[in-house]
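> give me a 3D structure for the following:
(one chain, ligands or ions: 2)
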Amino acid sequence: MNNLLTIDKLSLSFQGTQPEGGETEVLHEICLQIRQGETHALVGESGSGKSVTALSILRLLEDISRVRTSGRILFHDQDILTMDRDTLRELRGNRIAMIFQEPMTSLNPVYTIGNQLIEPLMLHQHMQRNEARERAIALLKRTGIQQPEYRIDSYPHQLSGGQRQRVMIAMALACRPDLLIADEPTTALDVTIQDQILELIKDLQEEFHMAVLLITHDLPMVRKIADSVSIMHQGRIVEQGTLDKIFSAPEDPYTIHLLDSMP
Ligand code: ADP
Ligand code: MG
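Ligands and ions are numbered 1, 2, ... in the order given. This next block holds a predicted model:
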């Protein structure tokens, strides 16, 4: 199987973060491969650099912070770090989708969820409004939203946390991505809802033949859905391998420590 995404020696520093104007390196020579259709888990404690890695893949940091990046991020053999803005826009709109921990912050509070689904379908998939509305309803239904014909006119605050995450997943699927990046997708949700959302991601991954980069600090969750795992610690990948290898024959002391503290 070919690699869909290859991160090759990615290092990243934030500039101007020190009082004397220096820079802080938060990623150090990260290497990571995701094959088509697989679920790769990126695991590490808070502050280890998981979200920075995720945001780097879509080059979302450079718009808001001064960063210095080196290395390569190949998507279908094209380097994301050097690609032109039009290709990058196409990639963000149609090829790679992302969901975050707290769906409220990713949804616009003043637009109905229907509008937030319909607009991108019209823009990126070139659908007419009626067709986009039908597709939006179908997506909401597929992600488990009850009575989607009626729910589509709700505002984000009228939904529960779990429903909002379902809407985010529907939005992510709207572009039929090859890769879904899920950054702590269940951390903000109740435990019972966490399992439902995880199941949903797993089902959709098979149905849509997507690869998933699952970012989490939750090892039991990794065990449920990942094919392969990278363990991250202080901006470095300290160990990686298949799910079996990481759980049954970990080698790095930090990985062993993480597994020991697993509930
Ligand atoms: P996590 O593994 O919890 O997702 P992050 O990737 O968010 O960790 O953060 C990794 C490190 O990068 C942290 O030390 C964090 O403070 C720092 N960091 C993240 N975003 C920024 C930013 N925009 N500017 C400066 N430092 C940042
Ligand atoms: Mg994070």
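> where do the strands sit along the stretch 151-263 of the chain?
Assigned by DSSP state E, counting those that start in this stretch, the strands in the stretch 151-263 of the chain fall at 179-183, 211-216, 228-233, 236-242.
> list the neighbouring strands of the third one plus their orientation.
I take that to be strand 228-233. Paired with strand 228-233 in the same sheet, following DSSP bridges, are strand 39-43 (parallel), strand 236-242 (antiparallel).
> which stretch among the ones you listed is buried most, on average?
Mean neighbour count (mean count of other Cβ atoms under 10 Å) peaks for strand 39-43 among these, with a mean of 25. Quick note: C-beta positions are derived from backbone N, CA and C, even for glycine.
> quick one, that one and strand 211-216 angle?
Strand 39-43 and strand 211-216 meet at an angle of 20 degrees, taking axes from the mean of the first three to the mean of the last three Cα atoms, to 10 degrees as the criterion.
> export only the CA atoms of strand 39-43, formatted as CSV.
Output of strand 39-43 as CSV, limited to C-alpha atoms (Å, rounded to 0.1, in the frame of the first residue of the first chain):
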residue,chain,number,x,y,z
THR,A,39,-6.0,4.8,11.2
HIS,A,40,-2.8,6.1,12.7
ALA,A,41,-2.9,7.3,16.3
LEU,A,42,-0.6,10.1,17.4
VAL,A,43,-0.4,9.8,21.2
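> circling back: and of the strands paired with strand 228-233, who's closest to ligand 2?
Closest to ligand 2 of the strands paired with strand 228-233, according to Cβ to the ion: strand 39-43, at 9.9 Å.
> report the rounded mean pLDDT for the closest one.
Mean per-residue pLDDT for strand 39-43: 97.
> now the element after that strand, going C-ward?
helix 50-57 (DSSP states H and E).
> now the helices for the stretch 51-200 of the chain?
85-90, 103-106, 113-124, 129-142, 148-151, 161-174, 191-208 (DSSP state H, counting those that start in this stretch).
> now the fourth one: mean pLDDT?
Pointing back at helix 129-142 there. 95.
> and that helix, which residues are buried?
132, 133, 135, 136, 137, 139, 140, 142 (16 or more other Cβ atoms under 10 Å).
> same deal with stretch 93-110?
93, 94, 95, 96, 97, 98, 99, 100, 101, 103, 106, 107.
> how far is that stretch from where the chain is centred?
Stretch 93-110 sits 10 Å away from the centroid of its parent chain (Cα atoms, centre = their mean, to the nearest Å).
> right, is that stretch up against ligand 2?
No - using Cβ under 5 Å from the ion, stretch 93-110 stays clear of ligand 2, with a minimum separation of 7.1 Å.
> start and end of that stretch, how far apart?
End-to-end distance for stretch 93-110, by Cα to Cα, to the nearest Å: 22 Å.
> so which residues make contact with that stretch?
54, 57-58, 75, 113, 116, 120, 123-125, 155-157, 161, 164-165, 167-169, 171-173, 175-185, 187-188 (Cβ atoms under 8 Å, 6 or more residues apart in numbering).
> hmm, that stretch touching ligand 1?
No - Stretch 93-110 stays clear of ligand 1 (Cβ under 6 Å from any ligand atom), getting no nearer than 9.2 Å.
> now which of the contacts of stretch 93-110 would you call buried?
Judged by 16+ other Cβ under 10 Å, buried ones among these: 54, 57-58, 75, 113, 116, 120, 124, 155-156, 161, 164-165, 167-169, 171-173, 175, 177-185, 188.
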